[in-house]
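K.L.:
make a model of this:
(one chain, ligands or ions: 1)
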Amino acid sequence: MILPIVGYGNPILRKITQPITKDYPQLSELIDNMFETMYNARGVGLAAPQIDLSISLIVIDAHPFAESYPEAEGFNRVFINPEVVEEFGEMWLFEEGCLSLPELHEEVSRHSNVLVQYYDKDFNPKEELLTGVRARIFQHEFDHLQGKVFVDRLSSIRKTLLKRKLNDISNGRVSTSYRMKKPSIKK
Ligand code: NI
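P.N.:
Numbers count the residues shown, from 1 in each chain. Reported below is the predicted structural model:
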């Protein structure tokens with residue numbers, strides 16, 4: 001089932017998510033729905049707050065990047081309750097976008113490597129070193145679990161320049177090929 005995607009401005013994107021347990025209701029169905037929603041919107045990653053659930057769950061499929069970035073091949077993962085052990089390596093710029101911030105693409109600087117611990121979809125504990133585009137997609141999605149979005153990482157000048165676009169998204173004045181959740185009406 002394709003779920004509506006929450007847009008920038010919705011307070012759920014600002015909340016720190018809660019970890020889940022193995023008996024979270026209909027977890028495998030939820031994971032399937034998140035993948036379906038992500039593929040439908042042509043995304044490479046989706047975090048639970050973006051479908052209005054404040055839980056520590058991320059799905060990623062980096063396949064669309066595989067032609068340009070060989071390390072993206074085979075990076076199809078479910079991250080449950082992920083934690084960053086360490087980020088290291090050089091800072092590099094990469095143009096990021098986000099399904100919750102349609103039509104916005106900005107270069108963001110992040111570390112090239114990240115060591116993560118998480119549970120997979122069957123709740124097996126894992127530790128994995130991610131590099132390059134793998135690290136980048138994970139870092140972007142992990143931010144969502146911390147109540148952050150990529151524009152938070154831009155310079156204040158850049159953010160000021162984007163203010164109008166961000167306002168439009170907050171107010172639902174944006175057109176997308178996928179369904180977005182209507183912003184709640186401000187009183
Ligand atoms: Ni995002």
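K.L.:
next SSE after the strand or helix carrying residue 114?
P.N.:
Take DSSP states H and E as the rule and residue 114 turns out to sit in strand 101-119. Remark: after strand 101-119, the chain's next helix or strand is strand 125-131, criterion DSSP H and E.
K.L.:
pull the distance from the next helix or strand after that following strand to the chain's centre.
P.N.:
Counting by DSSP H and E, the next helix or strand C-terminal to strand 125-131 is helix 132-145. Chain-centre distance of helix 132-145: 7 Å, with Cα atoms, centre = their mean, to the nearest Å.
K.L.:
and for helix 132-145, what's in contact with it?
P.N.:
Here helix 132-145 makes contact (Cβ atoms under 8 Å, 6 or more residues apart in numbering) with 13, 16-17, 44-50, 56, 58, 60, 62, 65, 69, 71-72, 75, 79, 82, 84, 87, 94, 96, 98, 108, 110-114, 116, 130, 149-150, 152-153. The C-beta positions use only the backbone N, C-alpha and C, and glycine is treated the same way.
K.L.:
chain center to the helix or strand that comes right after it: distance?
P.N.:
Moving toward the C-terminus from helix 132-145, the next helix or strand (DSSP H and E) is helix 156-161. Relative to its chain's centre, helix 156-161 lies at 22 Å (Cα atoms, centre = their mean).
K.L.:
next SSE after helix 156-161?
P.N.:
Of the helices and strands lying after helix 156-161 in sequence (DSSP H and E), the nearest is helix 163-170.
K.L.:
for that following helix, C-alpha coordinates in PDB please.
P.N.:
Provided in PDB are the C-alpha atoms of helix 163-170 (Å, rounded to 0.1, in the frame of the first residue of the first chain):
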ATOM      1  CA  LYS A 163      12.900  30.500   2.700                       C
ATOM      2  CA  ARG A 164      10.100  31.000   0.200                       C
ATOM      3  CA  LYS A 165      10.300  27.500  -1.200                       C
ATOM      4  CA  LEU A 166      10.300  26.100   2.300                       C
ATOM      5  CA  ASN A 167       7.200  28.100   3.100                       C
ATOM      6  CA  ASP A 168       5.500  26.900   0.000                       C
ATOM      7  CA  ILE A 169       6.200  23.300   1.000                       C
ATOM      8  CA  SER A 170       5.000  23.900   4.600                       C
END
